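Asks: what's the 3D shape of this:
(one chain, ligands or ions: 2)
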Amino acid sequence: MAGANGDILVDMRNIEKSYGGVHALRGVNLSIRRGEIVGLLGDNGAGKSTLIKVLSGAVPYTSGEIVIKGRPVRMRSTLDAIANGIETIYQDSALVPQLSIARNLFLGRELRKGPRFLDRLDLDRMNGVAAELLRRVGISKNIPPTTPIGSLSGGERQAVAIARAMYFESDLIILDEPTNNLGVAETQGVLRFVREARDTGHSCVFIAHNIHHVFQVVDRIVVMRRGTIVSDDLSPRTSSIQEVEDIITGEPVAA
Ligand SMILES: Nc1ncnc2c1ncn2[C@@H]1O[C@H](COP(=O)(O)OP(=O)(O)OP(=O)(O)O)[C@@H](O)[C@H]1O
Ligand SMILES: [Mg+2]
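Replies: Ligands and ions are numbered 1, 2, ... in the order given. Model (predicted):
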């Protein structure tokens, strides 16, 4: 019933996923609360990306249930996820390098002006909103919103993708290895955005191999190993990095 668990935003129940003979997810249960930043950790091939791809509608799951705000939802495509307030950001997000920052922000949801049949884009308004958002996500340099995405750094592109998720009021922002290959300043930028997302009431799932980055921003750590969650209530305040690393590597589990 909605209300009974009012603070649970997303509830994934008994999710199974096989890619042919590869059993990537083995009965995974994961709940994400409103305003919670969850760090999802695990070694290569543990199933982290598969789990968030299931949640973002990018890959179909074999069985299980996804409940969002108390309602069972069938995720058939990324559009289903977006319609349910879930935005996923990858290192190279679905941004179009040739288009401006502003156009990328409104990709697929462009603001228009004048009579409908003329179908004219309201570039001024999109540029205005974009400039404001860039300030909000903390891009300190004065980058005009008309700048093509292709001339931005990886971290700045991340910022644009995050700004988009914020503007469209996504409830949950998923970041899969957003700090890979980023410089120190850019990485700090991404971590700052995650904090900003939480401060504005969004939930996040943050996947990163750099455990120090995860420790800096998350409220709770979930560890996956071989397609299952082996720990789902670790706090970066009470667990040490060493303890979490031990859980990530673990002892080989009998098949
Ligand atoms: N498209 C695919 N087809 C077949 N097998 C896949 C596919 N994607 C992932 N797998 C397999 O599923 C398992 C889980 O992979 P997944 O990408 O979810 O791991 P991960 O935890 O994100 O790892 P990494 O940290 O390396 O990104 C692995 O054994 C992987 O080889
Ligand atoms: Mg992955």
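Asks: rest of the way, CA atoms for contacts and neighbours
Replies: Will do.
Asks: Can you pull the phi and psi angles for T78?
Replies: Main-chain torsions, T78, degrees, to the nearest 10: phi -60, psi -20.
Asks: Name the nearest residue to the closest residue to ligand 1 within the stretch 51-200 of the chain, sequence neighbours excluded.
Replies: Going by C-alpha to the nearest ligand atom, ligand 1 is nearest to L51 of the stretch 51-200 of the chain, at 6.4 Å. Sequence neighbours aside, L25 is the residue nearest to L51 in space, at 7.2 Å (criterion: C-alpha to C-alpha, 6 or more residues apart in numbering).
Asks: Using the three-state scheme, assign the one you found.
Replies: The three-state label given to L25 by DSSP: H, G, I helix; E, B strand; the rest coil is strand.
Asks: what's the answer for N142, then?
Replies: Here N142 takes the coil state, with states given by three-state DSSP.
Asks: Against L134, how distant is it?
Replies: 9 Å (C-alpha to C-alpha, to the nearest Å).
Asks: Between those two, which is the more surrounded one?
Replies: Each of N142 and L134 has its neighbours counted (other C-alpha atoms under 10 Å); L134 has more, 24 against 9.
Asks: that older thread, would you agree the residue nearest to L51 is in contact with K17?
Replies: Yes - the pair L25 / K17 is scored as a contact, 4.8 Å apart, by C-alpha atoms under 8 Å.
Asks: the more surrounded of the two?
Replies: A direct count of neighbours by other C-alpha under 10 Å for L25 and K17 places L25 higher, at 27 against 24.
Asks: now the more buried one: how far from ligand 1?
Replies: Shown here: L25 relative to ligand 1, a distance of 7 Å by C-alpha to the nearest ligand atom, to the nearest Å.
Asks: Pull up the per-residue confidence for that residue.
Replies: On the pLDDT scale, L25 is placed at 98.
Asks: So which bits of the protein are right by ligand 1?
Replies: Proximity of the chain to ligand 1, by C-alpha under 6 Å from any ligand atom, involves residues Y19, V22, A24, G42, D43, N44, G45, A46, G47, K48, S49, T50.
Asks: Return the subset of those lying in strands.
Replies: With strands taken from DSSP state E, the overlap with those comprises Y19, V22, A24.
Asks: pull the longest helix from this protein.
Replies: Identified as the longest helix of the chain according to DSSP state H is helix 184-199.
Asks: what about the residue of the stretch 51-200 of the chain closest to ligand 1, neighbour count?
Replies: L51: 25 surrounding residues under other C-alpha under 10 Å.
Asks: for E243, same thing?
Replies: Neighbours around E243, by other C-alpha under 10 Å: 10.
Asks: Ramachandran coordinates for the residue sitting nearest the centre point of the chain?
Replies: Nearest to the mean C-alpha position of the chain, by C-alpha atoms, centre = their mean, lies I174 at 1.0 Å. Backbone torsions of I174, given as degrees, to the nearest 10, read phi -100, psi 130.
Asks: in terms of contact, does it touch F206 like I think?
Replies: Yes - I174 is in contact with F206 according to C-alpha under 8 Å; the separation is 6.2 Å.
Asks: Would you agree I37 is in contact with G201?
Replies: No - judged on C-alpha under 8 Å, I37 makes no contact with G201 at a distance of 10.2 Å.
Asks: For those two, indicate the residue with more neighbours.
Replies: Neighbours around I37 and G201, counted as other C-alpha under 10 Å, are more numerous at I37. The numbers are 26 against 17.
Asks: hmm, back to that, of the residues of the chain next to ligand 1, grab the buried ones for PyMOL.
Replies: What follows is the PyMOL syntax for the buried subset of the residues of the chain next to ligand 1, where burial is set by 16 or more other C-alpha atoms under 10 Å:
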select buried, resi 24+42+46+47+48+49+50
